[in-house]
Structure formats: C-alpha cells, structure tokens
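Trainee: next come a sequence and a model predicted from it.
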Amino acid sequence: MCEQWLSDEIWRDAMLNPVVILIIGVALLIAMMLVLRLNAFVALITAAMIISLLSPGDFAEKIARVGGAFGKVAGGIGIVIAMAAIIGKCMTDSGAADRIVRSSLKVLGEKRAPTALMLSGFALSIPVFFDTVFYLLVPLARSLWSRTRKNYVLYLTAIVAGAAITHTLVPPTPGPLLVAIELKVNIGLMIMMGVLVGLPAAALGVLVCKIINWRMDIPMRPYAGEAEPEPLADDQLPPFWISFAPIALPIILISLDTIIETLKVGGVTAQIAGVVGHRDSALLLAAAVAMFVLVRQRKLSFKELASRSETALMSAGMIILITAAGGAFGAMLRE
C-alpha cells in the first residue's frame with residue numbers, strides 16, 4: 001500500500017516539481033524561525049533535510065547529502081571564523097580596538113567625529129563581528145554627545161554605516177567569506193574589491209546619516225540601573241601600530257598571495273606566499289599577534305589567555321553552525 005502510494009505518478013510529478021520543493025522549503029524555514037522561534041541552526045538543517053527528502057534520488061543517500069554539504073561549507077569557513085573571533089576578542093580586551101578609535105578621533109578631530117567613527121567601524125568590522133564593533137563604539141558616541149549635547153543619532157548611525165559595509169563585503173566575516181567560497185572568487189581579490197567599493201559607499205552613508213540626524217534630534221538616554229564603564233587611560237592602551245597589526249597582517253598576506261598569483265611568479269616565493277597567504281594560515285598568524293598583544297598588555301597567564309580564547313570560540317561555534325547549515329540549505333535547493 002505504502003509502495004503503491006509512493007510510486008503514484010501524479011503525486012510524484014507534483015511533489016518533485018522544483019518550484020513546489022522551493023516553496024515548501026522556504027515556507028517551512030520561515031515558519032520554524034518566525035512562528036516556532038526555533039534556533040536558526042535547527043531550522044536551517046531541518047529544512048535542508050526535508051528539501052533533500054522531497055528531491056529526486058535514492059532515499060538512503062538523501063540525509064548523507066545534507067551532511068556532505070554542511071561539512072563542505074564548515075570546512076571552508078570554520079578556521080577563518082574561529083580565528084576572526086579570537087582576534088576580535090583579543091583586540092577588545094587588550095584595548096587595541098579602543099586605541100584605533102581614539103587615534104582616528106585624534107587625527108580627524110572632534111568636528112569630524114562621525115567620519116572617525118565610520119572609519120573605525122569600517123576597519124574593526126573586518127576581523128570583529130558587527131554586533132561587537134557596535135557595542136564597542138557606542139560608549140564613544142555617548143561620550144561625544146556628553147561633550148557636544150548634539151548629534152547622538154549621527155554618531156550611532158555613522159558607526160553602523162562603516163561597520164555594516166565591511167561586515168557584508170569584506171572577508172573574513174562569514175557572509176562575504178561564504179559568497180567568495182561558493183562563487184570560487186579569490187579571497188584576496190574579494191578583500192581588495194570589498195574595500196575599494198566599500199569606502200565610497202560608507203562615505204555616502206555618513207551623508208545619509210547627517211540627513212537622518214537633521215530630521216531626528218534624539219537625546220542620549222542613560223543606561224537603566226547601570227553605571228557606564230570608566231574608559232582606560234591612554235597609557236593603558238597598546239601603541240597604534242601594534243593595535244592595527246591583527247587587521248593589517250591577514251589583509252597584506254592574502255593580498256600579496258593574490259598579486260603573486262596574478263603575476264604568475266613561480267619558485268620558492270610563490271610557494272611561501274601560497275602558505276602564509278592562504279586565508280586559514282593568514283588568520284591564524286593574525287590571531288597569534290592579537291593574543292600576543294593581549295598577553296603583553298594585560299600581563300595574562302596562559303590559563304587566562306586560554307579562558308578568553310574559549311569564550312571567543314563559543315560565540316564563533318554558533319556562527320559556524322548557522323553559516324554551514326545555511327550553506328547546506330542552499331545546496332539542497334540547488335540539487
């Protein structure tokens with residue numbers, strides 16, 4: 001009876017229609033995330049399995065296909081995202097991120113504070129996740145408002161204008177990294193083009209922020225029942241060149257490998273560039289530099305360093321799972 005139902009030609013033709021499978025998969029995903037409020041990883045991987053089961057092919061291999069697609073994406077992005085999380089955590093805890101922001105404000109001046117905040121967000125959001133960058137820079141926006149008593153919306157939206165651009169265009173952040181891997185785009189080329197396209201877009205974003213600020217004069221509100229943390233003194237922060245090294249190092253190494261590959265340079269030079277310029281090793285070296293800065297600045301023991309690294313890796317783990325599940329979901333839709 002069951003075999004006869006499964007082999008019914010009308011049912012099979014209707015259910016195996018790619019458009020029907022697409023609609024069912026997307027509808028299930030939306031329902032699980034918005035109605036049932038399931039975790040994004042659970043929703044994506046469940047939807048991927050259901051789409052795979054509805055697709056043509058041997059039933060025995062359909063779940064394995066999901067696992068294979070998940071593993072392929074996780075293998076491509078896992079190390080990079082994990083290292084980026086460690087870099088972000090170390091830069092935040094060591095004061096390196098704070099130093100970059102203060103240096104930008106010092107060079108550009110308080111009158112150009114929105115531009116300084118935009119550039120700080122733009123640079124920091126390359127290795128540090130967007131939400132972390134935003135929460136890191138908000139105290140500076142609040143401090144600026146306390147001195148000027150105006151432009152609070154401008155300061156906040158300028159942070160978003162810079163950080164959102166690199167978060168969506170420049171690897172090693174998960175979104176653009178996954179796009180580069182799926183479309184087989186060279187990572188170094190993706191970084192360079194992302195920065196070239198992103199800077200003018202972020203600058204235009206600041207102009208839009210000024211219009212929003214002109215139309216919406218919103219004063220700063222105090223934190224509810226919570227004292228704001230005291231800012232560190234300048235002498236407690238690492239020098240600028242050391243602070244910026246974890247961001248600059250992987251970009252230089254990956255871009256150098258891309259340039260050498262484009263110029264078709266051979267021999268030992270190309271082999272060395274291929275090793276240190278690979279996205280995984282470049283981010284690993286940058287993470288090592290960031291950890292060195294943290295240990296040097298805060299005088300941490302190896303046990304304390306390991307504890308902070310584990311905190312970063314826990315947040316990275318969820319991002320890797322969700323991104324890889326999204327890749328598996330997309331692969332099942334394509335198949």
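Mentor: Received, thanks.
Trainee: which elements pack onto the helix ranked longest in the chain?
Mentor: Counting residues, the longest helix in the chain under DSSP state H turns out to be helix 59-94. Packing contacts for helix 59-94, counted by 3 or more CB pairs under 8 Å, 6 or more residues apart in numbering; DSSP states H and E, involve helix 40-54, helix 130-148, helix 174-182, helix 240-262, helix 279-298, helix 302-334. The C-beta positions use only the backbone N, C-alpha and C, and glycine is treated the same way.
Trainee: distance to residue 167 for those - can I get that in a markdown table?
Mentor: Output for the helices and strands packed on helix 59-94, formatted as a markdown table (distance: least, CB to CB, whole Å):
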| stretch | distance to residue 167 |
| --- | --- |
| helix 40-54 | 17 |
| helix 130-148 | 4 |
| helix 174-182 | 7 |
| helix 240-262 | 14 |
| helix 279-298 | 16 |
| helix 302-334 | 12 |
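Trainee: ok, which of those comes nearest residue 28?
Mentor: helix 40-54 (5.0 Å; CB to CB).
Trainee: off-centre distance for that closest one?
Mentor: 23 Å (CA atoms, centre = their mean, to the nearest Å).
Trainee: just the CA trace of it, in CSV.
Mentor: Only the C-alpha atoms of helix 40-54 are listed here, as CSV (Å, rounded to 0.1, in the frame of the first residue of the first chain):
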residue,chain,number,x,y,z
ALA,A,40,18.4,29.2,13.3
PHE,A,41,20.8,26.2,13.0
VAL,A,42,18.0,23.7,13.9
ALA,A,43,15.6,25.4,11.5
LEU,A,44,18.0,25.5,8.6
ILE,A,45,19.3,22.0,9.0
THR,A,46,15.8,20.6,9.4
ALA,A,47,14.6,22.5,6.3
ALA,A,48,17.6,21.2,4.3
MET,A,49,16.8,17.6,5.3
ILE,A,50,13.1,18.0,4.3
ILE,A,51,14.1,19.5,0.9
SER,A,52,16.5,16.7,0.3
LEU,A,53,13.9,14.1,1.1
LEU,A,54,11.5,15.7,-1.4
